[in-house]
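>>> Using only what follows, build the 3D model:
(2 chains)
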Protein chains: 2
Amino acid sequence: MACCCPKSIIEDILKARDGVVENVYFVACGGSYAGLYPAKFFLQSEAKKLRVDHYTANEFCHATPKSLNKNSIVITQSHSGTTPETVRAAKIAQEVGAASITITFDDQSPLAKNGDYVMKYEAGAPTSMGGTAFALKLATEILNQVEGYEFYESMKTGFERIDGIVKNAKEFLTPRAKKFAEEYKDEKLIYMMGSGANYHTAYSFAICLLMEMQWINSSAIHSGEYFHGPFEITDRNTPFIILMSEGRTRPLDQRALDFLKQYAEKLIILDAKELGLETIDDCVSEFFNPLLMGAALGNYSYELSIARKHPLSTRRYMWKLQY
Amino acid sequence: MACCCPKSIIEDILKARDGVVENVYFVACGGSYAGLYPAKFFLQSEAKKLRVDHYTANEFCHATPKSLNKNSIVITQSHSGTTPETVRAAKIAQEVGAASITITFDDQSPLAKNGDYVMKYEAGAPTSMGGTAFALKLATEILNQVEGYEFYESMKTGFERIDGIVKNAKEFLTPRAKKFAEEYKDEKLIYMMGSGANYHTAYSFAICLLMEMQWINSSAIHSGEYFHGPFEITDRNTPFIILMSEGRTRPLDQRALDFLKQYAEKLIILDAKELGLETIDDCVSEFFNPLLMGAALGNYSYELSIARKHPLSTRRYMWKLQY
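Here you go, the predicted model:
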C-alpha cells in the first residue's frame, strides 16, 4: 500500500493488532541507516513503554532479535529500494507477521514489494518530505497513538517550520561552505563530531560523503565520548567538523568545542542555534537537529566535490564490481 | 553493597520490585562504555520483553530517557570509579528508585558510593572476572530471572571455559602480535572492523588503544556497514584489523574479509574460530567473542607500544589538564 500519511499507516497497523504494538525496529544500511537514527533517538528518549532498536540491515537478518513478533513495526529505508540486506530485512518482518513499513524513492522496487506500507519520497523533496523526516513522523505517530505524546502538536509545528529553517540555513552557509572547501580540499582525514539526534548525521557525513564519495578518511566521534579516548589525537593539523546541537545534549558539544578551540586549529562549526532551530519549541527542537544539519552539510559536500574536482558520484568499487 | 554474585544481586533487585524489572540501561564512557556493549548486545538479541539500551554516560545524564523508572536496572562501569559523568548517571538512577549496579576496580570510589550494588574486579583478574564479563553475567541473570533463558547453562559453561581459551589464544598470538607491531609501527591510521557483540571491541581498540594510547588515527567500522560507504577508502596502503566473529554475524565479517583480501594489502585478521571459541556451545558462543578478542587485542597494543617506543600510559592531555 503506497501512502504518505504516517497517521493513517499507524492507525491501520494498530487496528490490525487490537491496539497492541510493543516493538519498533529501524533497519537499513549506510546513509539510510543513519537517516533512521533520529527517529530511533526520539523514541528511545520519549517512549515510556515501547521497545526500540536500530540495526544495520545485515545484522538484523543474521542475528534477528528474539523480540521480533507480530506486535512489532519494522521500518526499513533504501533510496533505490534495491539494497539486498534491507530488502531481506523487510521480508523477515513480514514473515513473522510484523508490520513492514518501507521508505524509498522507488515504490516499484524490491524493497517496496516487501512493505505492507510504502512511503515514497520524490527527487529533490523538501526536508520535511524526505526519508529522514518520514521516519521521524512515523515515530511521532507511533508514540502518540500507542502511549500518547504530550508534545505531539509541537512536533507537527516543527515539521511545518523545518523547510523554511533549512532554506535560510543553506543560503547563509553557502559562502562558508565554499571557504571550507578551498581550505580543506587537500586534507586526507577529517573527523566529524556530534551528539544526541545528530550523532548519526555526523556518521552519515563521515562514511557516505567523506569516505565513500570523496575518499577522505574519517570517523564520527560522539561528543560525549571525545574526552574518553579520541581527544588525544587532537592537534593543530587534524581537522574536525563539529555539529553543535540545539537541545539537551548541547553541553556535550560545547565541552568538546571549548577544548577544540584551544588545541585544534582546523575546526569547522555548524551551530543549530545560529541556523535558526530555536524557532521550534524547546521541548522538541532537538529532534529536528538532523533534518537541519543533514541539509546544511549538503552544502559542504557539494562545495568540497567542486574544489577537489572529485564528483560525488565517482566510485572505485560501487557499481563496478560484484561484492 | 559489595558483592560479586550476579545471581544474588538480581534476585535481590527483583525481590524489592515484586518481580518486575522492565528496563536495563548500560551506561559508561569510552573503554568502559564499550565493555558494556556485549551485555547490551546479548539482551538485545535474546530478550523477548525487556527493554535495553546503551548510553555514553553524559548523554544519559543530559537526555535521560523517560522510560527510566523504579522498575529499571542501571549498570554503570568505570575502572577508577571517578569518571564524573558515570558517577552522575548512577546517582540519577538512584534518584528515581532504579537499581544501580556499579562495576569498578575501586569499591571505595565515588561511583561505588552511588551503587546499590558494587561489583569490584581485581587488578589482573582473569577475563571471566573482569568488568566486561561481570556485565555479561548480570545480563544473563537478568534475562534468566525475568523471562527465563533456555541457554542459561550454556552461558555458565562458557564463562567456565573462557579463561582457558583466552590463555591459549594469547600464547598463540604473541609472535603474530610482534610481527604486526614491527610492520605497522609507522602507520598514521589503522581501521578496525567487527560485527555483532564484537563491534564495540573494535570500537574500544580504535578509540582507547590506537587514538588515546598511541595517537594513531582510527575508526571502528561495522562489517555490515563496510559496503555502504567505508569500503571506497580501501586501497593497498590503508591498514585494516578485522575481528572475525564466531556465530551468526560471521557472514558479515567474511564478506568484508573476502573483499579486503582482494583490494587491501595491509590486513590483520583475528579469527575467533582459529582461537578456540568453537569449544563453547554454538547457541551462545557468539556472546563470548568480545571476551576473547578484547584479551587477544591486548597483545597487539602491548607489542605496538614497545615497537613504537610509546608507552600505553603516555598522554598529551589526560591527567595534565582540566577539561
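>>> Please determine how far the residue of the stretch 1-150 of chain A found nearest chain B is located from A:Leu36.
Closest contact between the stretch 1-150 of chain A and chain B, by C-beta to the nearest C-beta, is at A:Gly30 (2.7 Å). In short, each C-beta sits where N, CA and C put it, glycine included. Counting by C-beta to C-beta, to the nearest Å, the gap from A:Gly30 to A:Leu36 is 11 Å.
>>> related to what we said a few turns ago, ok, how many other residues are close to the residue of the stretch 1-150 of chain A closest to chain B?
When neighbours are defined as other C-beta atoms under 10 Å in any protein chain shown, A:Gly30 has 25 of them.
>>> Mind listing what's buried along stretch A:119-139?
A:119-121, A:127-139 (16 or more other C-beta atoms under 10 Å in any protein chain shown).
>>> Those residues in helices, which ones?
Members of the buried residues of stretch A:119-139 lying in helices (criterion: DSSP state H): A:131-139.
>>> and the stretch 151-300 of chain A, which residues reach chain B?
Counting by C-beta under 8 Å from any C-beta of the partner chain, the residues of the stretch 151-300 of chain A lying close to chain B are A:189, A:195-196, A:206-208, A:211-213, A:215-222, A:224-225, A:227-235, A:238, A:247-249, A:251-252, A:255, A:258-259, A:263, A:286.
>>> typo on my end, it should be the stretch 1-150 of chain A
Contact residues, the stretch 1-150 of chain A versus chain B (C-beta under 8 Å from any C-beta): A:29-31, A:33, A:44-49, A:51, A:53, A:56-59, A:62-63, A:65-67, A:69, A:83, A:85.
>>> buried subset of the residues you listed?
By 16+ other C-beta under 10 Å, these give A:29-31, A:33, A:44-48, A:51, A:53, A:56-59, A:62-63, A:65, A:67, A:83, A:85 as buried.
>>> how far is stretch A:197-207 from where the chain is centred?
Distance of stretch A:197-207 from its chain centroid, counting by C-alpha atoms, centre = their mean, to the nearest Å, is 7 Å.
>>> now what about that stretch, what contacts it?
Stretch A:197-207 is contacted by residues A:30-31, A:33-35, A:37-38, A:41-42, A:191-194, A:218-222, A:241, A:243, A:245, A:247, A:249, A:286-290, A:293-294, A:297, A:300-301, B:219, B:221, B:225, B:228-230 when judged by C-beta atoms under 8 Å, 6 or more residues apart in numbering or on different chains.
>>> Quick one: low-confidence residue ranges for chain A.
Applying pLDDT under 70 to chain A flags the ranges A:1-4.
>>> sec struct for the residue nearest the centre of chain A, please.
For chain A, the residue nearest the mean C-alpha position is A:Gly35 (2.6 Å; C-alpha atoms, centre = their mean). Of the three states, A:Gly35 takes helix under DSSP: H, G, I helix; E, B strand; the rest coil.
>>> give me the beta-bridge partners of the closest residue to A:Ile13 other than its chain neighbours?
Leaving out its chain neighbours, the residue that sits closest to A:Ile13 by C-beta to C-beta, 6 or more residues apart in numbering or on different chains is A:Ala99, at 4.3 Å. With DSSP bridges as the criterion, A:Ala99 is bridged to A:Ile73.
>>> Show me what the lengthiest helix in chain A is packed up against.
The helix that spans the most residues within chain A, counting by DSSP H, is helix A:152-184. Judged by 3 or more C-beta pairs under 8 Å, 6 or more residues apart in numbering or on different chains; DSSP states H and E, helix A:152-184 is in contact with helix A:131-146, strand A:267-271, helix A:289-307.
>>> Could you check how far that helix is from the centre of its chain?
That offset, for helix A:152-184, works out to 15 Å (C-alpha atoms, centre = their mean).
>>> Then stretch A:58-71?
The chain centroid and the centroid of stretch A:58-71 are separated by 21 Å under C-alpha atoms, centre = their mean.
>>> How about stretch A:17-25?
23 Å.
>>> Just the endpoints, please. Distance across it?
Distance across stretch A:17-25, first residue to last, is 17 Å (C-alpha to C-alpha, to the nearest Å).
>>> Show residues contacting that stretch.
Outside stretch A:17-25, the residues that touch it by C-beta under 8 Å, 6+ apart are A:13-14, A:43, A:50-55, A:60, A:65, A:67-75, A:93, A:98-99, A:139, A:142, A:146.
>>> And stretch A:127-135, by the same measure?
With contact meaning C-beta under 8 Å, 6+ apart, stretch A:127-135 is reached by A:4, A:6, A:26, A:32, A:35-36, A:38-39, A:75, A:77, A:79, A:103-104, A:119, A:121-122, A:159-160, A:162-163, A:166, A:290-292, A:294-295.
>>> buried subset of these?
For the contacts of stretch A:127-135, a burial check counting by 16+ other C-beta under 10 Å picks out A:6, A:26, A:32, A:35-36, A:38-39, A:75, A:77, A:79, A:103-104, A:119, A:121, A:159, A:162-163, A:166, A:290-292, A:294-295.
>>> didn't A:Leu260 look like it was pressed against A:Phe240?
Yes - between A:Leu260 and A:Phe240 there is a contact under C-beta atoms under 8 Å: 5.8 Å.
>>> Quick check: neighbours shared by those two?
In contact with both A:Leu260 and A:Phe240: A:234, A:267, using C-beta under 8 Å, 6+ apart.
>>> where does A:Tyr55 fall, helix, sheet strand or coil?
strand.
>>> so how many other residues sit close to it?
Counted with other C-beta under 10 Å, A:Tyr55 comes out at 25.
>>> can you pull the contacts of the residue nearest to it when sequence neighbours are not counted?
Closest residue in space to A:Tyr55, ignoring its immediate chain neighbours: A:Val27 at 4.7 Å, by C-beta to C-beta, 6+ apart. Applying C-beta under 8 Å, 6+ apart, we find A:Val27 in contact with A:33, A:36, A:54-57, A:60, A:74-76, A:86, A:89-90.
>>> wait, is A:Val27 part of a strand?
Yes - looking at A:Val27 with three-state DSSP, it is inside a strand.
>>> Just grab the bridge partners of it for me.
A:Tyr55, A:Thr76.
>>> Quick check: the gap between it and A:Val74.
A:Val27 sits 6 Å away from A:Val74, going by C-beta to C-beta.
>>> Need the residues touching each of these two.
Shared contacts of A:Val27 and A:Val74, counting by C-beta under 8 Å, 6+ apart, come down to A:89-90.
>>> Having no further points to raise, I will conclude here.
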